[in-house]
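Visitor: Quick one, what's the 3D model for this:
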Amino acid sequence: MLDLAQYHSLGEALQAALDRWPEQICLIEADRERENARFTYRQFKEIALPLSAAMQEAGLSPGTRAAILMTNQSKWLISAYAVFFSGGVLVPLDYKLPAEDHQKLLAHSEAEFLVAEYHLWRAISKEKNFGQIAVRAVIVTDAPPNADLAGAQRWEDFGRGATLAAKFVPRERKDTASIVYSSGTGGRPKGCVLTHDNYLEQAAAVAPVFPFWPGARYLSIIPTNHAIDFMGGFIMPFTGGGTVVHLRTLRPEFIREAFTRYGIAYMAVVPLILKSLQRGLNEKFDALPTRKRRVLNVLIAVNRSLTRNKPRLGLSRRLLKDIHAAFGGKLQALLVGGAFTEPATIEFFHDLGIPIYNGYGCTEACTAITINDQRPFRPDTVGGAVRGMEIRILSPGEGGVGEVAVRSKTVMSHYLNDPEMTVETIVDGWLITGDLGRLDRSGHLQLFGRKKNMIVTEEGKNIYPEDIENAFDGMAVKEYCVFAANYLWPARTMVGEQLVLVVHLEPGKEATAALAEEISQRNRRLLNYKRVSGYLVWERDFPLTASLKIKRGELAAQIREAVDGESVISL
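Guide: Next up, the predicted model:
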């Protein structure tokens with residue numbers, strides 16, 4: 001792996017990687033049974049530099065913001081490198097968000113360039129506020145012949161349009177590298193401004209746990225715009241001479257096939273995907289004849305007892321040969337993050353000799369805060385701090401539980417255009433996470449719920465209740481508010497998090513079946529992971545500030561004191 005301490009920017013480090021391993025395979029794009037493309041580091045460079053040259057001629061200069069809106073594919077990484085090579089600032093957008101949100105984020109980020117898949121750009125161009133987008137150049141991929149591009153240019157034509165060679169633009173570590181929006185962003189954009197120093201320090205901190213080398217392959221199934229996959233599925237493999245395999249499907253049978261076809265060493269997953277893999281394995285185990293199942297159970301028990309203190313991959317591969325062969329025989333570890341993973345799921349894979357390095361982190365800290373490297377095996381924690389990370393528990397109460405605060409060179413610079421939220425979140429250099437936890441004697445962090453009003457889904461989506469409220473605007477009620485259930489009634493759990501709609505009716509009105517139906521209809525318009533689980537009828541006026549904003553903390557305290565979660569009417 002490159003010595004990242006030698007480099008000033010992501011562009012410089014990636015450039016060095018392309019030059020160091022020119023004939024190594026860096027990127028494979030696969031889609032179900034077929035392989036769309038594969039590139040050596042040299043070929044990657046040959047494709048990216050003309051794109052970078054065209055961007056420079058079109059006006060992309062140091063600090064210019066360029067957004068990428070694509071599913072996982074080779075053009076995502078090629079575009080990102082072209083931006084960094086030109087000294088630009090990358091704005092990765094979540095392709096799963098609706099077009100209305102894409103418009104908002106393009107405006108908020110002040111992106112001047114956009115690289116997008118045709119169908120996503122087409123959806124944006126049909127939104128009512130399309131004319132207000134001030135993007136200077138739009139480059140679309142996968143556009144059908146004779147398609148209406150709504151002012152955009154085809155990827156193929158744009159890259160061939162440069163008349164001069166691309167010129168590398170150096171940046172300093174303190175300069176902004178990316179503006180990454182929290183996955184729950186909607187009503188109030190939360191753009192984390194991350195520097196080149198943040199990324200380089202994060203990669204160096206995680207490398208001892210997840211080392212890459214020429215030939216080591218990473219299976220990329222989490223969207224590249226996600227902080228986990230941007231780091232684990234781009235920066236780290238490339239700066240280690242490894243290979244990224246983009247799989248453009250999440251169907252379990254094709255994920256399993258990719259392990260064996262490509263000899264995968266690492267994959268990052270969210271808990272939802274890990275549980276899906278667990279279900280698939282259990283179904284196969286249950287289908288075994290009784291005698292074979294008994295033998296398997298004995299081998300699993302032996303492996304468990306011999307690997308309790310640390311993973312022993314060689315031993316596990318011999319004891320449970322068929323299981324490890326199904327994962328390609330070269331798997332080093334799965335990294336699970338983005339949301340809390342139940343200890344029982346981690347233990348299931350550990351017993352099979354498949355290391356699950358569960359981690360804890362957030363976009364504001366440039367991905368990882370802790371990683372559990374299983375030395376020893378501790379499924380009840382999220383591990384110890386990564387290199388260079390300090391963790392402090394604020395105002396510890398019963399059992400040493402308090403709010404988790406962290407400090408490191410990986411902590412973001414600020415929230416874009418939001419000094420108020422920045423000063424609330426970063427205090428004297430410490431990032432206030434809003435999560436409740438405690439540190440044990442070994443320095444491992446245990447999590448016990450959230451202090452802030454938000455939830456994290458099993459898909460790793462951060463959901464801020466305030467961003468859901470627009471869906472219920474115009475209801476025949478006096479006022480309403482959305483809360484995380486665990487914020488109203490702290491449950492000291494990180495699983496099963498849900499949202500609750502609190503409604504205050506007009507004087508003299510009663511809750512009716514019509515109101516319940518209206519709430520249900522509006523709820524169904526939301527994306528699955530943003531839906532509320534139920535609603536609560538509150539009979540008092542909401543406490544308000546002088547500017548008529550809801551005092552959410554005070555209202556939550558009133559509800560917590562007066563009623564319990566059983567009062568919520570399920571939808």
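Visitor: give me the element Cys192 is part of.
Guide: Element membership of Cys192, judged by DSSP states H and E, is strand 191-195.
Visitor: Tell me the helices and strands packed up against the following helix or strand past that strand.
Guide: Sequence-wise, the next helix or strand downstream of strand 191-195 (DSSP H and E) is helix 196-206. Applying 3 or more Cβ pairs under 8 Å, 6 or more residues apart in numbering; DSSP states H and E, we find helix 196-206 packed against helix 10-20, strand 176-181, helix 236-239, strand 367-371. C-beta: built from backbone N, CA, C; applies to glycine.
Visitor: Who does the last one pair with, and is each partner parallel or antiparallel?
Guide: According to DSSP bridges, strand 367-371 forms sheet pairs with strand 356-362 (antiparallel), strand 384-385 (antiparallel).
Visitor: where's Gln202 relative to Val270, distance?
Guide: 19 Å (Cβ to Cβ, to the nearest Å).
Visitor: Compare neighbour counts for these two and give me the winner.
Guide: Gln202 (28 against 22; other Cβ atoms under 10 Å).
Visitor: coming back round to it: list the strands paired with the strand holding Cys192, with their directions.
Guide: When DSSP bridges is applied, strand 191-195 pairs with strand 176-181 (antiparallel), strand 414-415 (antiparallel).
Visitor: quick one: Thr71 is in a strand?
Guide: No. Using DSSP: H, G, I helix; E, B strand; the rest coil, the assignment for Thr71 is coil, not a strand.
Visitor: How many residues are close by it?
Guide: Thr71 has 18 nearby residues by other Cβ under 10 Å.
Visitor: Once you drop chain neighbours, what's closest to it?
Guide: Nearest non-adjacent residue to Thr71, counting by Cβ to Cβ, 6 or more residues apart in numbering: Tyr95, 5.6 Å away.
Visitor: cool, and Leu10?
Guide: Phe84 (4.9 Å).
Visitor: following the helix or strand harbouring the one you found, which helix or strand shows up next?
Guide: Per DSSP H and E: Phe84 is located in helix 74-85. Remark: after helix 74-85, the chain's next helix or strand is strand 89-92, criterion DSSP H and E.
Visitor: Packing partners of that next one?
Guide: Secondary elements touching strand 89-92 (3+ Cβ pairs under 8 Å, 6+ apart): strand 65-69, helix 74-85, strand 176-181.
Visitor: Sheet partners, orientation included, of the first one?
Guide: If you go by DSSP bridges, strand 65-69 pairs up with strand 89-92 (parallel), strand 113-117 (parallel).
Visitor: quick one, it and helix 74-85 angle?
Guide: 170 degrees (axes from the mean of the first three to the mean of the last three Cα atoms, to 10 degrees).
Visitor: got the domain boundaries for the chain?
Guide: Per automatic domain parsing, the domain ranges recorded for the chain read 4-268, 270-450, 468-570.
Visitor: now these in TSV, with mean pLDDT and distance to Val456?
Guide: Converted to TSV, the domains of the chain look like this (pLDDT from 0 to 100; distance: least, Cβ to Cβ, whole Å):
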stretch	mean pLDDT	distance to Val456
domain 4-268	94	9
domain 270-450	94	4
domain 468-570	92	7
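Visitor: mind listing the helices for the stretch 151-300 of the chain?
Guide: For the stretch 151-300 of the chain, the helices defined by DSSP state H, counting those that start in this stretch cover 155-159, 196-206, 227-230, 236-239, 252-262, 271-286, 290-306.
Visitor: Of the ones you listed, which is nearest Lys409?
Guide: helix 196-206 (4.2 Å; Cβ to Cβ).
Visitor: what angle separates that closest one from strand 191-195?
Guide: 80 degrees.
Visitor: Enumerate every residue touching the residue nearest to Thr71.
Guide: Neighbouring residues of Tyr95 by Cβ atoms under 8 Å, 6 or more residues apart in numbering: Leu69, Met70, Thr71, Glu117, Leu120, Pro223, Asn225.
Visitor: so can I have CSV of the helices and strands packed on strand 89-92 showing mean neighbour count and distance to Pro376?
Guide: As requested, the helices and strands packed on strand 89-92 are exported to CSV (neighbours: other Cβ atoms under 10 Å; distance: least, Cβ to Cβ, whole Å):
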stretch, mean neighbour count, distance to Pro376
strand 65-69, 25, 40
helix 74-85, 26, 36
strand 176-181, 25, 34
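Visitor: would CSV of the ones you listed with distance to Gln153 be doable?
Guide: Below are the helices and strands packed on strand 89-92 laid out as CSV (distance: least, Cβ to Cβ, whole Å):
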stretch, distance to Gln153
strand 65-69, 14
helix 74-85, 13
strand 176-181, 23
